[in-house]
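Novice: for reference, the sequence and a predicted model appear below.
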Amino acid sequence: MKRLGLALLPLLVAALAGVLAAAALADTPPPATTTTDTTPAPAVVADGVVLGGVAIGGMASDAAVQAVHAAFARPVVLRIGATRVIVQTGQFKVSVPAEAAVAKALTVPAGTQLGLRASFDKPAVTTYVAKLAARYDRDPVDSRLLLSEQKPLVTKAVPGRRIRKLATVALLRDALAHGTRTPIAVPTTPLKPTMTVASIGPVIVIQRAANRLSLFDRGRLVRRFPVATGQAIYPTPLGHFQIVVKWKDPTWYPPTQDAWAKGLKPVPPGPNNPLGTRWMGLDAPGVGIHGTDEPASIGYSASHGCIRMQVPDAEWLFDHVDVGTQVFIIPS
């Protein structure tokens, strides 16, 4: 009986070990199941990064690419004087390598500024500026001298301009190459009018029927004088003339074409000179403004076509006009 009990002892020990192992396994939690996330976190440009003048800091890659394309597609604003011209960039076939540039921007530290240049059709820019100049170039407008209600009227001169095409092409190309769109002041060359109010200067108006000469300066009456004009048989010509010659103490020469002067001889300077002491010849043949040795004729139609003045009046006028002074002779 003892021998039987000793023989069963190993079997009991083995059974007990099995029970303990099973209990240990029952208390061990199952291994956790692990999953792998294959979607990478979105790439974001570091704060403060500027690419080609476009602030893309904090943007994801796709958004940064869109922002760069949008910036380079914006129109360019030109200012020509007070005129604002909007230039659409599509006509120049602007192309910008935004994807590659943004990929580089993702690798730089915060606050970095990166350059970026677009490519475009350069000859198209030259052609555009030529058309721009053809449209916005302006020739200067000279002042015009008119007569209104027996008074001279001078129209206002308007300066012109020429667009500096080479400089404008360079500025526009630079704007297209970069994403910035600061308005461009188009460089121009001003053109001055040839004739202005100042260059026209004094103007003489002679009223033939009234036998009156008036001197105006810039539209304002300066002084008025009584004169003698031509007889009915030798009328003072009507029209718009100018003084072409001025002589002090002239010698009078009898006009060879007029019968009334036949046989007369030249008269040297002096008190008996028919021209007085001053002669202001017009571009009407043989006609001028001058003094006279016949002061009693002033106020009448008594001359042979010229405009006579009292000697002191002619001397005063002589000092206040120049060769080129405009002269209107009107009926009344």
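Specialist: Done, it's in. Residues are numbered from 1 along each chain as shown.
Novice: tally up the residues packed near D258, please.
Specialist: For D258, the count of nearby residues is 13 (other CB atoms under 10 Å). Backbone N, C-alpha and C define where each C-beta goes, glycine included.
Novice: what does A209 give?
Specialist: 10.
Novice: so for the nearest residue to it once chain neighbours are set aside, what's the pLDDT?
Specialist: Closest residue in space to A209, ignoring its immediate chain neighbours: S332 at 3.9 Å, by CB to CB, 6 or more residues apart in numbering. You'll see S332 listed with a pLDDT of 91.
Novice: now I56
Specialist: Value listed for I56 in the pLDDT field: 95.
Novice: what sits against the residue nearest to the spatial centre of the chain?
Specialist: In the chain, the C-alpha nearest the mean C-alpha coordinate belongs to G81, at 3.8 Å (CA atoms, centre = their mean). By CB atoms under 8 Å, 6 or more residues apart in numbering, G81 lies in contact with 161, 188.
Novice: likewise L51?
Specialist: Counted by CB under 8 Å, 6+ apart, L51 has contacts 64, 68, 101-102, 105, 114, 116, 179.
Novice: 6 Å instead?
Specialist: Residues in contact with L51 (CB atoms under 6 Å, 6 or more residues apart in numbering) are 101, 105, 114, 116.
Novice: can you name the two of those that are farthest apart?
Specialist: Taking CB to CB as the measure, those span a maximum distance of 9.2 Å, between A105 and L116.
Novice: so for those two, which sits in the more crowded spot?
Specialist: Taking other CB under 10 Å, A105 and L116 do not tie; A105 has more neighbours (27 against 23).
Novice: mind checking how far that one is from A175?
Specialist: 22 Å (CB to CB, to the nearest Å).
Novice: per-residue confidence at the nearest residue to R117 once chain neighbours are set aside?
Specialist: Spatially, and ignoring its direct neighbours in sequence, R117 is nearest to A177 (4.8 Å; CB to CB, 6+ apart). Among the per-residue scores, A177 shows a pLDDT of 95.
Novice: wait, A177 touches G115, no?
Specialist: No: using CB atoms under 6 Å, A177 is not in contact with G115, being 10.1 Å away.
Novice: end to end, how far does stretch 50-57 reach?
Specialist: 7 Å (CA to CA, to the nearest Å).
Novice: quick one: it to chain centroid distance?
Specialist: 33 Å (CA atoms, centre = their mean, to the nearest Å).
Novice: and if you look at stretch 245-259?
Specialist: 52 Å.
Novice: end-to-end on it?
Specialist: Per CA to CA, the first residue of stretch 245-259 is 25 Å away from its last.
Novice: show me which positions of that stretch end up buried.
Specialist: 246-247, 250, 252 (16 or more other CB atoms under 10 Å).
Novice: ok, now stretch 91-102?
Specialist: Buried residues in stretch 91-102 (16+ other CB under 10 Å): 92, 94, 96, 98, 101-102.
Novice: re the thing from before, my read is that the residue nearest to A209 contacts R212, right?
Specialist: No: counting by CB under 6 Å, S332 stays clear of R212, with 9.5 Å between them.
Novice: of these two, who's got more company?
Specialist: R212 (17 against 8).
Novice: how close does the more buried one get to I204?
Specialist: 11 Å.
Novice: ranges for the strands of the stretch 1-150 of the chain?
Specialist: 50-51, 54-55, 76-80, 83-87, 113-114, 145-148 (DSSP state E, counting those that start in this stretch).
Novice: how about the ones you listed, which one is nearest V154?
Specialist: strand 145-148 (5.6 Å).
Novice: strands paired with the closest one, and their directions?
Specialist: strand 151-154 (antiparallel) (DSSP bridges).
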